[in-house]
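# Can you look at this prediction? I've put the sequence above it.
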Amino acid sequence: MSNIKYEILEWIKTISVSIVLAFVITMFIRPTIVQGQSMNPTLEDKDYLIIDKVSYRLNEPSRGDVIVFNSELTTEKGKKKHLVKRVVATGGDNVKVCNGKVYVNEKIIEEGYINGDNTDGDLEVKVPNGYVFVLGDNRLPYKSVDSRSELVGFVDEDQINGRVLIRLYPFYKIKLF
């Protein structure tokens, strides 16, 4: 009989530790799946990502960060879309897109990660404090709905779910960001 009690106690310990571990993990990281081609070639459709939910509670987003945020766009089923984009500018920065190039504070930014060699659009804006300006890495026409579009615009830092930490799947493309 004491063998059964020991076994039950071990199961309770294992389940308890698993629940606590799962809770702690979900407080700090979150999985998400890329939907679409807007971040090619950096990320591809159906890539499985782990995002860091804590870093922006302690620090501000930085230029070059790849983030996941809540948008006002909806899926076919009516759910809000989470978008994955790259931070190009932060609050107080001036952004200019012209002649296929992106300038932040009057300096052209080098973007070796983009798909295509031009950024469509012609705009000049100042990013409000508490917001970021984001672009997809796939700058081919009509591939990325990002801050150039009124559908997205500036992204409120409070809407950011987290910074992409790692591409976990496909396994042969695992990458830390």
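It's in.

# What is the burial count for Pro164?
Pro isn't right for residue 164; it's Val. Using other CB atoms under 10 Å, the number of residues around Val164 comes to 24. Quick note: C-beta positions are derived from backbone N, CA and C, even for glycine.

# Also Ile33?
Ile33: 12 surrounding residues under other CB under 10 Å.

# quick one, what contacts it?
Applying CB atoms under 8 Å, 6 or more residues apart in numbering to Ile33 gives the contacts 46-49.

# next one: phi and psi at Asn161?
Note on Asn161: its backbone torsions stand at phi -80, psi -30 [degrees, to the nearest 10].

# can you pull the buried residues of stretch 135-152?
135-140, 143-148, 152 (16 or more other CB atoms under 10 Å).

# So in this protein, which helix runs the longest?
Secondary structure of the chain read by DSSP state H shows that its longest helix is helix 2-28.

# what distance separates it from the centre of its chain?
Its chain's average C-alpha position is 32 Å from that of helix 2-28, according to CA atoms, centre = their mean, to the nearest Å.

# same check, this time on stretch 89-100
Its chain's C-alpha centre and that of stretch 89-100 lie 19 Å apart, by CA atoms, centre = their mean.
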